[in-house]
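Enquirer: Structure of the sequence below:
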Amino acid sequence: MAEPNTNPPRPVKIIAGADPFGTDLKDALVSHLRSINIEVEDLGTSSYYSIGAEVGRRVSSSSAETRGLVSCGTGVGVGMFANKYPGVFAATCLTPSDAQNARSINNSNVLAVSGKSTSKDSAIEILNTWLNTPFKAPCPASESKPWDDEVLCFLDNSVAEMSKIGKEDEEKESSGSCSICCLVKNRELNPIEMIPGGSMKIVRESPTSAIVRFKAGSVEPAHHHTFGHDLVVMEGRKSVWNMSKGERFDLSVGDYLFTPAGDVHRVKYYEDTEFFIKWDGHWDMFFDEDLETAKAAIEKETV
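Expert: Residues are numbered from 1 along each chain as shown. Predicted structure coming up:
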């Protein structure tokens with residue numbers, strides 16, 4: 001049977017905080033930690049939800065050697081808010097046995113204690129037990145016997161699995177941080193039959209908003225719309241010729257363009273390009289030339 005590590009290193013730093021009902025107990029535990037040469041960052045006193053969240057946030061973004069200590073009236077509220085951050089495993093411990101179980105089974109890295117129901121001496125005993133109990137060590141839940149191989153395997157896997165909780169949502173948020181991009185995430189765009197290489201997903205009708213994509217090399221022949229439109233390029237590169245005004249606009253990622261109602265314009269796409277577009281009313285499209293004429297005109301201008 002595999003033996004757990006019985007001499008783990010102590011945390012190199014503890015981040016501590018409390019609400020007004022837990023401040024005295026937190027102060028006593030901070031003094032104890034410093035007396036045994038453990039570095040403490042004391043965040044002081046605030047509401048149980050804000051101090052719990054702040055300790056959780058800092059532990060979440062720190063190395064594995066940094067743990068947290070939170071205290072409120074019951075020890076429950078601060079732990080709940082600390083646990084809102086990925087990789088934080090806060091446990092409310094009212095006895096040394098609770099602390100042993102929390103470290104052995106859950107690899108707890110934030111200790112939550114009760115300022116109203118736990119004496120300072122008892123809290124120090126709980127804290128010492130929590131500091132000195134290795135992950136997977138024998139504990140009251142194992143009847144103080146070593147865990148069998150099946151449980152040890154589960155505990156080993158649980159560390160990796162628990163650490164992923166919350167991160168999937170965080171990654172989705174960061175990869176879809178552009179609210180416009182999120183409009184079409186995992187949605188299919190429909191081909192624009194009248195223009196080869198184009199596809200569109202209408203996300204709102206009249207006034208009409210849409211996500212539009214064109215393949216590299218595509219050309220929109222000269223055309224006009226009943227309503228003016230705004231567009232923002234999200235990906236790729238394109239040129240727009242406003243033939244009514246004799247102007248050319250070269251657009252890339254982040255660029256914005258407004259085309260007034262009725263203005264005749266022609267477009268060339270140099271790369272796979274995606275943009276958000278909003279018409280002032282309904283969407284329509286009236287061609288002022290055919291595709292071959294447009295391609296010949298663009299080729300002549302860009303040579």
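
Enquirer: In contact with residue 76, which residues?
Expert: If you count contacts by CB atoms under 8 Å, 6 or more residues apart in numbering, residue 76 has them with 92, 112, 114. C-betas here are computed from N, CA, C, even on glycine.

Enquirer: could the residues you listed go into a markdown table alongside secondary structure?
Expert: A markdown table is the format used below for the contacts of residue 76 (DSSP: H, G, I helix; E, B strand; the rest coil):
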| residue | secondary structure |
| --- | --- |
| 92 | strand |
| 112 | strand |
| 114 | strand |
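
Enquirer: export those residues to a markdown table and tack on pLDDT and neighbour count?
Expert: Listed next are those as a markdown table, based on pLDDT from 0 to 100; neighbours: other CB atoms under 10 Å:
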| residue | pLDDT | neighbour count |
| --- | --- | --- |
| 92 | 97 | 21 |
| 112 | 97 | 30 |
| 114 | 97 | 22 |
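
Enquirer: for those residues, which one is nearest residue 271?
Expert: Minimum distance to residue 271 across those is 53.3 Å, recorded for residue 112 (CB to CB).

Enquirer: what pairs with that closest one across the strands?
Expert: residue 70, residue 92 (DSSP bridges).

Enquirer: My read is that it contacts residue 88, right?
Expert: No: the criterion here is CB atoms under 8 Å, and residue 112 misses it with residue 88 at 10.9 Å.

Enquirer: which residues do these two both contact?
Expert: residue 82.

Enquirer: residues near residue 292, how many?
Expert: 10 (other CB atoms under 10 Å).

Enquirer: what's the longest helix in the chain?
Expert: helix 149-164 (DSSP state H).

Enquirer: give the contact list for the residue nearest to residue 205 when sequence neighbours are not counted.
Expert: Leaving aside its chain neighbours, residue 205 sits nearest to residue 282 (7.4 Å; criterion: CB to CB, 6 or more residues apart in numbering). For residue 282, the contact set (CB under 8 Å, 6+ apart) comprises 205, 206, 207, 208, 226, 227.

Enquirer: Below-threshold pLDDT in the stretch 201-303 of the chain: ranges please.
Expert: 302-303 (pLDDT under 70).

Enquirer: Show me the strands in it, by range?
Expert: Per DSSP state E, counting those that start in this stretch, the stretch 201-303 of the chain carries strands over the ranges 209-214, 219-224, 229-235, 237-242, 247-252, 256-259, 265-269, 273-279, 286-287.

Enquirer: okay if I get these as TSV plus distance to residue 150?
Expert: Shown next, in TSV, are the strands of the stretch 201-303 of the chain (distance: least, CB to CB, whole Å):
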stretch	distance to residue 150
strand 209-214	51
strand 219-224	64
strand 229-235	50
strand 237-242	58
strand 247-252	58
strand 256-259	60
strand 265-269	59
strand 273-279	51
strand 286-287	71
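
Enquirer: between those strands, which one is nearest to residue 160?
Expert: strand 229-235 (34.5 Å).

Enquirer: For residue 69, which non-adjacent residue is closest in space?
Expert: residue 16 (4.3 Å).

Enquirer: does the one you found belong to a helix or a strand, and which?
Expert: Using DSSP states H and E, residue 16 sits in strand 13-18.

Enquirer: so after that strand, what's the next helix or strand?
Expert: Downstream of strand 13-18 (by DSSP H and E), the next one is helix 23-35.

Enquirer: what does the one helix or strand residue 122 maps to contact?
Expert: For residue 122, the host element (DSSP H and E) is helix 120-132. Here helix 120-132 makes contact (CB under 8 Å, 6+ apart) with 10-11, 24-25, 28-29, 32-33, 38, 69, 93-96, 98-100, 102-103, 108, 111, 113, 118.

Enquirer: Of these, select the buried ones using a PyMOL command.
Expert: If you want just the buried ones from these in PyMOL, going by 16 or more other CB atoms under 10 Å, the selection is:
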select buried, resi 11+25+28+29+32+33+38+69+93+94+96+98+99+100+102+103+108+111+113+118
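
Enquirer: ok so, going back, pull the number of nearby residues for the residue nearest to residue 69.
Expert: Residue 16, neighbours per other CB under 10 Å, totals 22.
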